[in-house]
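Peer 1: Sequence first, then the predicted structure, then my questions.
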Amino acid sequence: METYETAAVLTAAVLVLDALLHAYWMTGRTWPARDVTALSRGLLNADVPFTPRVLAPLVLILSVGAVAVLARAHVILPGLPGWLPAAGTAAVAAGLGLRTGAGVVWALGVGARRDSVFYKLNLAVYTPVCIVLTAATLRVALA
């Protein structure tokens, strides 16, 4: 397997896992948090409703992004016009890059209290994962 294919599979796997988590939260469950407020604050540093109206578009976007990245690496859907997976992969890379940039800003303590669950998760998990996925998606986009 080529490195860009491995990068595509890694990125798609994380996007699909994220989509599945959002679909799970649409059921009203809040794992790993105790309630919706804790979940929202831990994930987003804000109070946001975890309703189907909010989460369903995210599930769709994450799923389409995973498909686009895999198609760009020629892992699936070989008959698609090349511009379509290329544009989708560029959009995924841009989104991940924006989240990475925001994560760095939050890690510097701007807009996030250093004693919050969100700050700690952002520093230990969210931003490092986004850095890796941004690099992986760029690798696929440039292949």
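Peer 2: Cool, got the structure.
Peer 1: show me where the chain has helices.
Peer 2: Taking DSSP state H as the criterion, the chain carries its helices at 3-26, 36-44, 52-72, 83-107, 117-121, 127-141.
Peer 1: which of the ones you listed is buried the deepest?
Peer 2: Relative to the other members of those, helix 127-141 carries the highest mean neighbour count by mean count of other Cβ atoms under 10 Å, namely a mean of 21. (C-beta placed from N, C-alpha, C; glycine too.)
Peer 1: Residues contacting it, please?
Peer 2: Applying Cβ atoms under 8 Å, 6 or more residues apart in numbering, the set of residues contacting helix 127-141 from outside is 3-4, 7-8, 10-11, 14, 69, 72-73, 86, 89-90, 92-93, 96-97, 99-100, 103-104, 106-107.
Peer 1: rewinding a little: so can I have TSV of the helices of the chain showing mean pLDDT?
Peer 2: Rendered in TSV, the data for those read as follows (pLDDT from 0 to 100):
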stretch	mean pLDDT
helix 3-26	98
helix 36-44	96
helix 52-72	98
helix 83-107	98
helix 117-121	97
helix 127-141	98
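Peer 1: List the residues that contact residue 59.
Peer 2: For residue 59, the contacting residues are 19, 22-23, 26, by Cβ under 8 Å, 6+ apart.
Peer 1: Mind picking the two most distant members of the residues you listed?
Peer 2: 19 and 26 (10.7 Å; Cβ to Cβ).
Peer 1: Apart from its chain neighbours, what residue comes closest to residue 113?
Peer 2: residue 119 (6.1 Å; Cβ to Cβ, 6 or more residues apart in numbering).
Peer 1: just checking, the one you found touches residue 112?
Peer 2: Yes - taking contact to mean Cβ atoms under 8 Å, the distance of 4.5 Å between residue 119 and residue 112 places them in contact.
Peer 1: quick one: common contacting residues for the two?
Peer 2: With contacts taken as Cβ under 8 Å, 6+ apart, residue 119 and residue 112 have 45, 106 as neighbours in common.
Peer 1: Quick check: the gap between the closest residue to residue 7 other than its chain neighbours and residue 26.
Peer 2: Among residues not flanking residue 7 along the chain, residue 136 sits closest, at 3.8 Å (Cβ to Cβ, 6+ apart). In this structure, residue 136 and residue 26 are 27 Å apart, going by Cβ to Cβ, to the nearest Å.
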